[in-house]
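Peer 1: Sequence and computational prediction follow.
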Amino acid sequence: MINKKALFAITFSLLSFNSLAAMSLVEYQHRAYTETGRCLSNYPNYQLAINYAQQKGLISENAAQWARATGYYPVIGFFGNQIVAVCRHRF
């Protein structure tokens, strides 16, 4: 019989793994097209935000390349170091 503590630990590790994985291109694009409420119209450091997110493993390499090509940058929360929105830089 599985111990309740072991079951909880397994469940928690599976749930937290997804939040620590790099955001895929498909998820990044979905958030880019649906989340516009928290965005600035012109963010001068959008390239830095993309580079930082890629270096920290928040987005995949494909998502970072697409972001650089289209100008969609991640908005990263200060406390959780997670992406809270994906916005578009206006060229």
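Peer 2: Done, it's in.

Peer 1: And the residue nearest to Ser60 when sequence neighbours are not counted, its phi and psi?
Peer 2: Nearest non-adjacent residue to Ser60, counting by Cβ to Cβ, 6 or more residues apart in numbering: Ala22, 4.5 Å away. Bear in mind the C-beta positions are built from the backbone N, C-alpha and C, glycine included. With angles defined as degrees, to the nearest 10, Ala22 sits at phi -70, psi 140.

Peer 1: Counting neighbours, what do you get for Ala22?
Peer 2: Neighbour count for Ala22, taken as other Cβ atoms under 10 Å: 18.

Peer 1: give the contact list for it.
Peer 2: Gly57, Leu58, Ile59, Ser60, Ala63 (Cβ atoms under 8 Å, 6 or more residues apart in numbering).

Peer 1: make it 7 Å
Peer 2: Gly57, Leu58, Ile59, Ser60 (Cβ atoms under 7 Å, 6 or more residues apart in numbering).

Peer 1: Please apply the same query to Tyr43.
Peer 2: Tyr73, Cys87, His89.

Peer 1: what's the pLDDT at it?
Peer 2: With respect to pLDDT, Tyr43 scores 80.

Peer 1: ok but it is inside a strand, no?
Peer 2: No. Looking at Tyr43 with DSSP: H, G, I helix; E, B strand; the rest coil, it is coil, so not inside a strand.

Peer 1: how far away is it from Phe79?
Peer 2: Per Cβ to Cβ, to the nearest Å, Tyr43 is found 20 Å from Phe79.
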